[in-house]
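Visitor: Sequence plus predicted model, see below.
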Amino acid sequence: MDIDPDAWFAVLTAAHAHDRPGGPAPERAAETGRLRIPGLHSRSVPVTLPAPDGATGYAGVALLRLHDTAENAGTAFLDTLTVHPAHRGRGAGRALWDMVRARLAAEGRSSVSALVGKGGAGERFAVAQGAECALPLVASVQEVRTAPAPAAGVPLPAGYRFATWSGVVPDAHAAAHARAHDAMEDAPTGDLDEQHDPWDAERIRAAARVILDRGGVLLTVAALAESDGAVAGYTELVLPTPASVRALQYDTVVVPAHRGHGLGRAVKLRMLEYLRAERPEVREIVTTVADENAPMRAVNEALGYRAESSLGLYQVRL
């Protein structure tokens with residue numbers, strides 16, 4: 001399918017101005033990157049609904065991510081489903097959803113999930129299509145310039161040292177970083193059908209390359225065990241573009257054998273130092289955490305994160 005990126009972006013910007021006028025606006029380079037480069041171990045399927053009556057542009061757009069691993073061959077993720085404000089209230093959203101659902105059926109998918117804001121039109125639409133909240137989340141924001149900054153440097157328990165890098169993991173840490181990623185297997189997933197995919201060094205590199213190929217920036221801080229070089233914990237930040245002023249918190253993980261030593265707080269504090277030095281233009285970090293993940297929510301609250309909105313991973317079983 002040939003996609004007009006200008007028309008696609010016009011829908012997103014108009015919807016943002018109407019629905020979230022005070023929030024950070026969509027970034028054209030980031031949205032173009034998502035259209036052009038599929039997510040790791042998936043295929044991206046853009047779906048467009050033409051504007052009616054011969055008008056130019058799109059009435060609505062959707063981006064569907066079809067997982068292609070054996071573990072998740074029956075699932076999919078709906079990255080976006082957005083209707084231009086000028087075309088709402090006329091069945092455009094339902095028509096777009098019907099197109100998405102037809103593609104899911106043709107691909108033999110049994111469920112699809114999407115990140116949805118609670119309490120608004122998006123949630124009402126999702127529920128009307130049969131979606132149920134499989135995992136409640138909270139989105140929180142940290143102001144980088146007013147966040148804690150230990151005067152004597154970030155404290156780290158004895159027996160650990162920091163490592164930092166930008167982009168693809170250095171070869172020396174790749175295998176250990178993959179093993180630490182697998183610790184995410186015990187992260188809350190609620191009632192989602194999507195299963196944990198095992199990580200190895202090549203998958204770690206491939207995931208980083210997706211971000212870089214889309215034009216983004218990936219920053220990583222790890223706590224290494226001095227005894228064997230294992231990655232005991234790490235945190236990752238992504239800037240959708242080099243010019244982004246809001247960073248996205250990806251994983252923050254502490255490997256089970258190393259929990260209880262304050263490593264989660266330590267790597268996040270060290271990331272603040274790293275971010276201020278490498279990307280001083282960044283003003284905010286936004287993160288989403290499962291409601292039931294009390295330890296990480298406590299870490300974030302102690303570091304000055306403020307709750308911004310309630311979200312949910314909603315799932316439709318087809």
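Guide: Yep, it's here.
Visitor: ok, which stretches of the stretch 51-200 of the chain are strands?
Guide: Along the stretch 51-200 of the chain, counting by DSSP state E, counting those that start in this stretch, strands occupy 58-67, 75-83, 111-117, 132-143, 160-166.
Visitor: Flag the shaky bits of the chain, pLDDT-wise.
Guide: Scanning the chain for pLDDT under 70 picks out the ranges 1, 151-152.
Visitor: Tell me where it has helices.
Guide: 5-19, 28-36, 92-106, 121-128, 171-181, 201-213, 263-278, 294-302 (DSSP state H).
Visitor: Same list (the strands of the stretch 51-200 of the chain) but as JSON lines, adding distance to Leu12 and mean neighbour count.
Guide: (C-beta placed from N, C-alpha, C; glycine too.) Converted to JSON lines, the strands of the stretch 51-200 of the chain look like this (distance: least, CB to CB, whole Å; neighbours: other CB atoms under 10 Å):
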{"stretch": "strand 58-67", "distance to Leu12": "7", "mean neighbour count": "23"}
{"stretch": "strand 75-83", "distance to Leu12": "6", "mean neighbour count": "22"}
{"stretch": "strand 111-117", "distance to Leu12": "15", "mean neighbour count": "20"}
{"stretch": "strand 132-143", "distance to Leu12": "19", "mean neighbour count": "18"}
{"stretch": "strand 160-166", "distance to Leu12": "28", "mean neighbour count": "16"}
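Visitor: what about the residue nearest to Met184 when sequence neighbours are not counted, distance to Trp199?
Guide: The spatial neighbour of Met184 that comes closest, neighbours along the chain excluded (CB to CB, 6 or more residues apart in numbering), is Val253 at 5.7 Å. Going from Val253 to Trp199 by CB to CB, to the nearest Å gives 11 Å.
Visitor: do the same with Glu107
Guide: Applying CB to CB, the value for Glu107 to Trp199 is 25 Å.
Visitor: In terms of neighbours, single out the busier of these two.
Guide: Trp199 (18 against 14; other CB atoms under 10 Å).
Visitor: For that one, give me its contacts.
Guide: 178-179, 181-182 (CB atoms under 8 Å, 6 or more residues apart in numbering).
Visitor: Please name the nearest non-neighbouring residue to Arg94.
Guide: In space, and not counting its chain neighbours, Arg94 is closest to Gln129: 8.0 Å by CB to CB, 6+ apart.
Visitor: one step back: these two touch, right, the residue nearest to Met184 and Ala183?
Guide: Yes: with contacts counted by CB atoms under 8 Å, Val253 reaches Ala183, the gap being 5.3 Å.
Visitor: Settle it for me: which of those two has more neighbours?
Guide: Higher neighbour count among Val253 and Ala183: Val253, with 25 against 21, using other CB under 10 Å.
Visitor: List the beta-bridge partners for that one.
Guide: Tyr234 (DSSP bridges).
Visitor: any idea how far it is from Tyr58?
Guide: 39 Å.
Visitor: Likewise for Thr80?
Guide: Where Tyr58 is concerned, Thr80 sits at a distance of 12 Å (CB to CB).
Visitor: for Asp228, same thing?
Guide: Separation of Asp228 from Tyr58 (CB to CB): 54 Å.
Visitor: swap in Tyr234?
Guide: In terms of CB to CB, Tyr234 sits 39 Å off from Tyr58.
Visitor: quick revisit: which one, of the strands of the stretch 51-200 of the chain, ends up nearest to Asn300?
Guide: strand 132-143 (5.6 Å; CB to CB).
Visitor: contact partners of that closest one?
Guide: By CB under 8 Å, 6+ apart, strand 132-143 touches 113, 115, 118, 188-192, 283-292, 297, 300, 303-316.
Visitor: Those residues in strands, which ones?
Guide: When DSSP state E defines the strands, the subset of the contacts of strand 132-143 inside them is 113, 115, 284-290, 306-316.
Visitor: Please identify the nearest residue in space to the residue nearest the centre of the chain, excluding sequence neighbours.
Guide: Central residue of the chain (CA atoms, centre = their mean): Tyr250, 6.3 Å from the mean position. Counting by CB to CB, 6+ apart, Tyr250 lies nearest to Glu236, which is 4.0 Å off, once chain neighbours are set aside.
Visitor: Quick check, that neighbour in contact with Leu218.
Guide: Yes: with contact defined as CB under 8 Å, Glu236 counts as touching Leu218 (6.5 Å).
Visitor: what do those two both touch?
Guide: Tyr250.
Visitor: Tell me how far Gln315 lies from Ser113.
Guide: From Gln315 across to Ser113, the span is 4 Å (CB to CB).
Visitor: what do those two both touch?
Guide: Common contact partners of Gln315 and Ser113 (CB under 8 Å, 6+ apart): 134, 192-193.
Visitor: Now that Leu239 has come up, it's in contact with Ala247, right?
Guide: Yes: using CB under 8 Å, Leu239 makes contact with Ala247 at a distance of 5.4 Å.
Visitor: Touching both of these two, which residues are there?
Guide: 219, 279, 282.
Visitor: Based on its surroundings, how many neighbours for the nearest residue to Glu273 once chain neighbours are set aside?
Guide: Spatial nearest neighbour of Glu273, excluding adjacent residues (CB to CB, 6+ apart): Val154 at 6.5 Å. Residues lying near Val154 (other CB under 10 Å) number 19.
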